[in-house]
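Asks: just coords:
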């Protein structure tokens, strides 16, 4: 089974806000958080696309629509494999547009996401009422970011209920890969160490993503080739050193927040960054083509 919750095991000192009814924590886009993916005997963290875009904007990088997948390309994606990966990628693109206050572009990505969700049988996740709510709040960044953060969680919940965890994994993989693509493209002009670290931190995430996806190779014809590409990317990550230091989380019951105190240190070279950038571009171009 796959479940997404919010949290962070690599950034340190991050707050998680509990749900209104004291239930599961929700992803708060105002905080620098990640998504945690729990598969069969595997749990690993994945930076939310919104989190990655916030970090990119903090570097001073300008909005660049050329690094986004064209929302008009949605009609090209014929198989469920393509639709799932690109739904995840479009979710990352939507977050990017929101962070940079590109409201009209955000609406285009929203429509593309809904189209793919409908094609995948997830109309219940992106019902007309929910879309109208987004359109009515298009100028309110906080509301949009929260709705965008819910994208991956809601997709996952729906797919888990309908025993389509493989589709959920592909959606998550598409968003994850798009986030790394953003970071690597920005690094070409803005060599910021934090972005280098963010890329290097994905070593274990990629390893566990491959492990989880491999369960479904017999079910999805295109998956073995995709996993092969991810394994080639993982080979580049192999020599990157990521030292993880666990520190217990602290919980504030009064404010319903949990602070994750664990931290990691990344050692990554320029040559490794360039090799990752090249491979990520290759995989990503195959997905969005």
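Replies: Cool, the structure landed. The structure presented is a predicted model; accordingly, all values stated were derived computationally and were not measured.

Asks: and the strands in the chain?
Replies: Using DSSP state E, the strands found in the chain span residues 3-7, 14-18, 25-26, 34-39, 42-47, 241-245, 250-252, 257-260, 263-267.

Asks: tell me if I'm right that residue 167 and residue 82 touch.
Replies: No. Counting by Cβ atoms under 8 Å, no contact exists between residue 167 and residue 82, whose distance comes to 11.7 Å. The C-beta positions use only the backbone N, C-alpha and C, and glycine is treated the same way.

Asks: the more surrounded of the two?
Replies: For residue 167 versus residue 82, neighbours defined as other Cβ atoms under 10 Å are more numerous around residue 167 (25 against 19).

Asks: low-confidence ranges, the stretch 101-250 of the chain, go.
Replies: 124-163 (pLDDT under 70).

Asks: quick one: the helices in it?
Replies: Ranges of helices in the stretch 101-250 of the chain, per DSSP state H, counting those that start in this stretch, are 103-119, 128-136, 141-161, 165-187, 193-200, 202-213, 223-237.

Asks: distance to residue 272 added to the ones you listed, as CSV?
Replies: Shown next, in CSV, are the helices of the stretch 101-250 of the chain (distance: least, Cβ to Cβ, whole Å):
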stretch, distance to residue 272
helix 103-119, 31
helix 128-136, 39
helix 141-161, 28
helix 165-187, 11
helix 193-200, 8
helix 202-213, 10
helix 223-237, 7
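
Asks: from those, which stretch is densest packed?
Replies: Per-stretch averages of neighbours, counted by mean count of other Cβ atoms under 10 Å, single out helix 165-187 among these, with a mean of 25.

Asks: any idea of the angle it forms with helix 202-213?
Replies: Using axes from the mean of the first three to the mean of the last three Cα atoms, to 10 degrees, one finds that helix 165-187 and helix 202-213 are set 160 degrees apart in direction.

Asks: how far off helix 223-237 does helix 165-187 point, in degrees?
Replies: Regarding helix 165-187 and helix 223-237, their directions subtend 40 degrees when assessed with the same axes, to 10 degrees.

Asks: use 19 as the first number from now on
Replies: All set: I'll call the first residue 19, so the last point we hit is now helix 183-205.

Asks: that older thread, which one of the helices of the stretch 119-268 of the chain lies closest to residue 87?
Replies: Closest to residue 87 of the helices of the stretch 119-268 of the chain, according to Cβ to Cβ: helix 183-205, at 7.4 Å.

Asks: helices and strands around that closest one, which ones?
Replies: Contact partners of helix 183-205 among helices and strands, from 3 or more Cβ pairs under 8 Å, 6 or more residues apart in numbering; DSSP states H and E: strand 52-57, strand 60-65, helix 67-76, helix 98-117, helix 159-179, helix 211-218, helix 220-231, helix 288-306.

Asks: number of nearby residues for residue 110?
Replies: Other residues lying near residue 110 total 29 when counted by other Cβ under 10 Å.

Asks: who touches it in this structure?
Replies: If a contact means Cβ atoms under 8 Å, 6 or more residues apart in numbering, then residue 110 has 67, 70, 71, 192, 193, 196, 197, 200 as its contacts.
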